[in-house]
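Visitor: got a predicted structure plus its sequence, pasted below:
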Amino acid sequence: MNRPEREEGRMTYCVGLCLQAGIIMLGDTRTNAGVDNISTFSKLQVIEQPGERVIGICTAGNLAITQAVSGHLQQGVQLDGQRRHLSDVANMFQAAQLVGAAVRAVFAADGLTLAAQGIGFDCSLLVGGQIGAEAPRLFLIYAAGNFIEATADTPFLQIGEHKYGKPILDRGLTFDTSLSDGLKLALVSMDSTLRSNLTVGLPMDLLMLRRDGLRIAQWRRIADDDPYFTKVRQGWSSALRAAYLALPAPDWV
């Protein structure tokens, strides 16, 4: 008997940075992990109205659930008594509310059926961008439809298999980090996850937004043979080896 697909939220890694200079969002594309069952789907979607708004959405969790959330957002979701779209919400807070409402709508439709099959309602999403003159903002939406926001004290959010990529961001990232340096840290964070967890895989998708640019500054798919990513991987590995070799030996050995 065929079993329903069980895709755990850990089978991905997506990270969003909300910096003084703008937004960076990065996500892998692996959705299933196994010896003979590996699939690739983009987990980063973008809504762009140049000069007016750019919103990026990264997804982690059961693919059927996250695609259903995306479908609801495309059709429109009830918010404050009106059917709204990400193209017409007034600000990023309302964008997060709308995505949360879409998650709850999918749960209302499919939650009991999934539970009857022994499948948890597993999804999480990053929603980041800028609308109008408001500052760029970044939110993490949970499976219950509630959410938290990145702050100047904690300028990054992660979903999926996040533990391997978190230490580099904790040590190196601040709200004042430049977009260029933020991109390097995000790529090192992804590389650390790729090396330690086979359920996260290339290629990955990158979105960069400059503060008040109100258009996509960089949209790029990064594969294993990407020249810059190769330099980052090799440079970081060499720097780590040099750093630990330069540390003094313990005087008690």
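Guide: Structure received. Keep in mind the model is a prediction, meaning the values are calculated, not measured.
Visitor: am I right that residue 102 is in contact with residue 75?
Guide: No. At 9.3 Å, residue 102 and residue 75 do not qualify as touching, with contact defined as CB atoms under 8 Å. Quick note: C-beta positions are derived from backbone N, CA and C, even for glycine.
Visitor: settle it for me: which of these two has more neighbours?
Guide: residue 102 (26 against 11; other CB atoms under 10 Å).
Visitor: quick check: the more buried one is in a helix.
Guide: Yes. Counting by DSSP: H, G, I helix; E, B strand; the rest coil, residue 102 is part of a helix.
Visitor: give the contact list for it.
Guide: 69, 72-73, 77 (CB atoms under 8 Å, 6 or more residues apart in numbering).
Visitor: among those, which lie within helices?
Guide: Residues of these located in helices (DSSP state H): 69, 72-73.
Visitor: let me know the closest of the residues you listed to residue 195.
Guide: residue 69 (30.0 Å; CB to CB).
Visitor: how many neighbours does the closest one have?
Guide: 27.
Visitor: for the one 5 residues further on, same thing?
Guide: Applying the criterion other CB under 10 Å, we find 14 residues in the vicinity of residue 74.
Visitor: residues contacting it?
Guide: residue 85.
Visitor: the one 10 residues further on now?
Guide: Residues in contact with residue 84, defined by CB under 8 Å, 6+ apart, are 76-78, 94, 98.
Visitor: what's the lowest-pLDDT member of those residues?
Guide: Among those, residue 78 carries the lowest pLDDT, at 94.
Visitor: tally of neighbours for the nearest residue to it once chain neighbours are set aside?
Guide: Nearest non-adjacent residue to residue 78, counting by CB to CB, 6 or more residues apart in numbering: residue 101, 6.6 Å away. Using other CB under 10 Å, the number of residues around residue 101 comes to 20.
Visitor: please, where are all the strands along this protein?
Guide: Applying DSSP state E to the chain gives strands spanning 13-19, 22-28, 44-49, 53-61, 77-79, 82-84, 123-131, 137-141, 147-149, 156-160, 204-210, 216-222.
Visitor: quick one: strands adjacent to the fourth one?
Guide: Within its sheet, and counting by DSSP bridges, strand 53-61 is paired with strand 44-49 (antiparallel), strand 123-131 (antiparallel).
Visitor: of all the strands of the chain, which one is nearest residue 240?
Guide: strand 13-19 (19.4 Å).
Visitor: and the angle from the closest one to strand 137-141?
Guide: 150 degrees (axes from the mean of the first three to the mean of the last three CA atoms, to 10 degrees).
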